[in-house]
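Asker: A predicted structure for the sequence below; I have some questions about it.
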Amino acid sequence: MSTLTIDHQTIHVPEGTTVLHAIRQAGVHLPTLCYWEGLPPYGACRLCLVEMTAPTQQTIAACAYPAADGMVIETQGAHAVAVRKMMLEFMLARCPDSDVVRALAAEAGVTETRFAMDRRSDELCILCGSCVRVCRDLVGAAAISFIGRGAEREVGAPFHLQSEACIGCGACAAVCPTGAVKIEDVDGQRVLRTWNTTVPLKPCKVCGKPFAPEPMAFLRGLVEASENLWGVCPTCRRKQAAAQVDVVCEASLYQAHTR
Amino acid sequence: MKITAVADLETWRAAGLASLYPDHIKITVGMATCGLAAGADAIHETLKQRIRQRGLDAILATTGCIGYCQQEPLVDVRLPGSGRIIYTQMTRPRARALVDDLARGGPPSVPSVPQGGWAMIDQEELLVDGQVTRFARPPDLPAYAERPFFARQRKIVLRNSGFIDPTNFEEYVARGGYRALARAFELTSQQVIDEVTRSGLRGRGGGGFPAGRKWQVARDASGKIKYIICNGDEGDPGAYMDRTVLESDPHSVIEGMLIGAYAISAREGYVYVRDEYPLAVERLANAMAQAEEYGLLGENILGSGFGFSLKIVRGAGAFVCGEETAMIASIEGGLGEPRPKPPYPAVAGLWGQPTIINNVKTWATVPVILARGADWYAALGAPGNAGTVVFSLVGQIANTGLVEVPLGMKLREMLEDIGGGGAGGKAIKAVQTGGPSGGCLPARLFDMPIEYESMKAAGSIMGSGGMVVLDESACMVDVARYFLDFTTLESCGKCTACREGTKHLLAVLTRITHGQGTPDDLTLLEEIGEAVRVGSLCGLGQTAPNPVLSTLRYFRDEYEAHVIEHRCPVGKCSMKAEV
């Protein structure tokens, strides 16, 4: 265990955890946009910058900094707060239409930006990379990636064309903090608008409604229980489960009654 | 033939000495990139033809860069048993005249040598063992060591540059090459690190982290597999130190890396060179092939039992790949983007293994430290700033070129004594060090010593060695805008601070140079600059505001003229909005 001081609170965290873990454990509110517990730290959004006053004086990104014994962290240090506000002002200039960014900025006291808005006005992506990382590091599909660098940086499938690698799982949209990744199911297809990619959906064996991305069929062999579930949509599965529960309940009621 | 023992080096040394000091006339052309850019190729061809036409019994050879880049093409003549005469700014007619003179058996006087256009190297120091050879010099021939450009230099990193044929293994050995490696093998790996630590050598890539301490961390780190990397991804505008070392003396880098590898027990190393340096890649590859052929790379080197292999990775030209974690990602085949530190590469680097990354010049220095000892090296330079530093002195200065000076020398001494002052006699207004990561230091600070801490305190950095001299015709706002334009293009875009911050800094600077700035813009620049400096993920972003912040600090009056009076004091900026 390591013992740290977070905003004057003493916190114990296991070895191998980060300063952000300790901050969250201390119950200190420090919103982040690129941090996900299931993914390795990335350190891109810079909203978790805090001041470390011991063992050295430094402004650090809490999400990626290993927690260590004797550290003293001040999340509300003037320097760090000023930098976090500037990051939010940058984000506000980039994504003025994002409710998430606007809310975070307002919470930090930033309601307008002094910077030119030179991107598409409906930009929602803050380039946190969560979609790219979940697709590559957890799903293993690596269907999308960063394209270009610096101010030109964006995320997309190769050449912004239909991705051959996308399995349509939707993890990218699930982790997107600002709702920039747009996915919808229409006419028997999953349309991943942001990636210019369409994936066919397999219809439910029971109700006939298209629901399962066909490229995800490989899961059948990987998870034993999925064999029985495969082909039946969640709604029908729930109905089936409910029916089974019903049968079991009736049977036990009958037993109780006859005893 | 493999060199299996230290004694074998003697054979190669004898062959190298015969090649360096032949009993024939030897004519040498400087053919690093600076020479080639000035037409050294054509001079070499002219000399070759004329030698054949005149039937002159002479050896025509090539060498790397001796540093006097402004005076290229350089041609040297060495008569048997005498010192080497350097001819500057060689032209084809003069090259022919030179051969004609020599063919007539006369002294190589070349009537057409312009004033100050020649000098004799009348003493040569073999740095590795300290042996000095002196040659008689005719009184009418100026001495190389007395020319202002060379007089105050101390060549350690550049010890062989311009002195040997970089493709000739024997010549490197003749000047003491690979004997430092042999010395290292007599020591334990810990003793080698102690020697480097005691020498006070600091990373010459610009950060100045003590090399020995970095090696110690990597040596102490757990893990059987360790790597070493040479950072040759030099990319600052106006900087070409690393390129020159790789082009002029590639074996010095290989030998340094071998010593480092032995010190931390690494068996594999990588040299990361940008692909824009084709000649550096070619000469390094050639040197590596030689080292493999002679058994200096591979298994059981010099009979020590130690084995090491080296690979070249060619960078695709992203400036950020000079940052060590981005370089590691690039070598691993990923996007060249940095990751947060810690863990530092010395603990978890390439493929997650302990890795030391040092700059080309740091590696090239290591053999000299092992050969001459830590105390000898530590005595050079200033306390806490041991040794020498290589600068590419460029811009509006009389003598441009590659210079190597002891740390602690005053900026003024370098600019005036070596550089000869501003070009065309104009006053120097500022120097920009460290490229886009550095800052502008004004003339009133020129008595500052060239040391890591003093330069950082003044708002710049030592950097890898780019030194761009600016005279009165430079607009400092425009200079800042130029560097921000560079960093905006080179930011990888991973973190918010650098990606968005450099973009907005550039936008504000651009509107100031277009006459659209307001006094509030100056505080805005400082505010953004501070956030980018503190908030960025890697060194690129953390130092990107330096050109803006340092010019605001020292040349605020120029900014004020732009935003209050809407005029550019030197008339450089258009002061008109671009249509």
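Answerer: On my side now, so go ahead. No experiment lies behind these values; they were computed from the predicted model shown. Residues are numbered from 1 along each chain as shown, chains lettered A, B, ... in the order given.

Asker: where exactly do the helices run in the stretch 351-500 of chain B?
Answerer: Secondary structure of the stretch 351-500 of chain B (DSSP state H, counting those that start in this stretch): helices at B:360-372, B:374-378, B:411-412, B:452-457, B:476-490, B:496-513.

Asker: would you turn those helices into CSV with mean pLDDT?
Answerer: Formatted as CSV, those follow (pLDDT from 0 to 100):
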stretch, mean pLDDT
helix B:360-372, 97
helix B:374-378, 97
helix B:411-412, 96
helix B:452-457, 95
helix B:476-490, 97
helix B:496-513, 97
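
Asker: Quick check: which of those is nearest to residue B:258?
Answerer: Smallest distance to residue B:258 across the helices of the stretch 351-500 of chain B (C-beta to C-beta): 8.8 Å, for helix B:360-372. (Glycine included, C-beta is placed from N, CA and C.)

Asker: what's the closest one packed up against?
Answerer: Packed against helix B:360-372 by the contact rule (3 or more C-beta pairs under 8 Å, 6 or more residues apart in numbering or on different chains; DSSP states H and E) you find helix B:179-186, helix B:189-199, strand B:227-232, helix B:241-248, helix B:250-264, helix B:374-378.

Asker: try 6 Å this time
Answerer: When contacts are defined as 3 or more C-beta pairs under 6 Å, 6 or more residues apart in numbering or on different chains; DSSP states H and E, helix B:360-372 sits against helix B:179-186, strand B:227-232, helix B:241-248, helix B:250-264.

Asker: In CSV: the ones you listed, plus distance to residue A:205.
Answerer: Formatted as CSV, the helices and strands packed on helix B:360-372 follow (distance: least, C-beta to C-beta, whole Å):
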stretch, distance to residue A:205
helix B:179-186, 72
strand B:227-232, 54
helix B:241-248, 65
helix B:250-264, 61
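
Asker: Which one of these lies nearest to chain A?
Answerer: strand B:227-232 (19.8 Å; C-beta to the nearest C-beta).

Asker: That closest one pairs with which strands?
Answerer: Each strand paired with strand B:227-232, and its direction, by DSSP bridges: strand B:268-274 (parallel), strand B:355-359 (parallel).

Asker: mind checking how far that strand is from the chain centre?
Answerer: When distances are taken as C-alpha atoms, centre = their mean, to the nearest Å, strand B:227-232 is centred 15 Å away from the chain's centroid.

Asker: where are the low-confidence patches of the stretch 51-200 of chain A?
Answerer: Counting by pLDDT under 70, the stretch 51-200 of chain A contains low-confidence ranges at A:118-121.

Asker: again, but for chain B
Answerer: Within chain B, the stretches with pLDDT under 70 are B:106-116, B:578-579.

Asker: was I right about residue B:284 contacting residue B:246?
Answerer: Yes: when contacts are counted by C-beta atoms under 6 Å, residue B:284 is listed as touching residue B:246 (5.3 Å).

Asker: tell me the contacts of whichever residue of the stretch 101-250 of chain A sits closest to chain B?
Answerer: Closest to chain B within the stretch 101-250 of chain A is residue A:153: 3.3 Å, counting by C-beta to the nearest C-beta. Neighbouring residues of residue A:153 by C-beta atoms under 6 Å, 6 or more residues apart in numbering or on different chains: A:127, A:146, B:493.

Asker: now residue B:364
Answerer: Residues near residue B:364 by C-beta under 6 Å, 6+ apart: B:157, B:245, B:252, B:253, B:256.

Asker: that older thread, would you mind telling me which of residue B:284 and residue B:246 has the busier surroundings?
Answerer: residue B:246 (29 against 26; other C-beta atoms under 10 Å in any protein chain shown).

Asker: quick one: that one from residue B:254, how far?
Answerer: Noted for residue B:246: a distance of 10 Å to residue B:254, by C-beta to C-beta, to the nearest Å.

Asker: One more: residue B:361?
Answerer: Using C-beta to C-beta, residue B:361 is found at 14 Å from residue B:254.

Asker: For residue B:424, give its distance to residue B:473.
Answerer: Separation of residue B:424 from residue B:473 (C-beta to C-beta): 10 Å.

Asker: Kindly report the same for residue B:243.
Answerer: To residue B:473, residue B:243 is 28 Å away according to C-beta to C-beta.

Asker: Same question for residue B:466.
Answerer: Using C-beta to C-beta, residue B:466 is found at 20 Å from residue B:473.

Asker: Which residues of the stretch 1-150 of chain A lie near chain B?
Answerer: Contacts of the stretch 1-150 of chain A with chain B, taken as C-beta under 6 Å from any C-beta of the partner chain, map to A:43-46, A:49, A:59, A:61, A:64, A:83, A:86-87, A:90, A:115-116, A:149-150.

Asker: top of those residues by neighbour count?
Answerer: residue A:46 (31 neighbours).

Asker: Contacts only, for that one.
Answerer: By C-beta under 6 Å, 6+ apart, the contact set of residue A:46 is A:87, B:495, B:496, B:497, B:535.

Asker: Same question for residue B:99.
Answerer: Applying C-beta under 6 Å, 6+ apart, we find residue B:99 in contact with B:50, B:51, B:54, B:56.

Asker: want to try CSV for these, with secondary structure and distance to residue B:22 as columns?
Answerer: Listed next are those as CSV, based on DSSP: H, G, I helix; E, B strand; the rest coil; distance: C-beta to C-beta, whole Å:
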residue, secondary structure, distance to residue B:22
B:50, helix, 19
B:51, helix, 14
B:54, helix, 18
B:56, coil, 14
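
Asker: Most neighbours among those, please name it.
Answerer: Using other C-beta under 10 Å as the neighbour criterion, residue B:50 leads the contacts of residue B:99 with 22 neighbours.

Asker: Regarding the spatially closest residue to it that is not a sequence neighbour, what is its secondary structure?
Answerer: Distances taken as C-beta to C-beta, 6 or more residues apart in numbering or on different chains put residue B:99 closest to residue B:50, at 4.0 Å, once the chain neighbours are dropped. At residue B:99 the chain is in helix, as set by DSSP: H, G, I helix; E, B strand; the rest coil.

Asker: about what we covered before: PyMOL command for the buried members of the contacts of residue A:153?
Answerer: One line in PyMOL is enough to select the buried ones among these; burial here means 16 or more other C-beta atoms under 10 Å in any protein chain shown:
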select buried, (chain A and resi 127+146) or (chain B and resi 493)
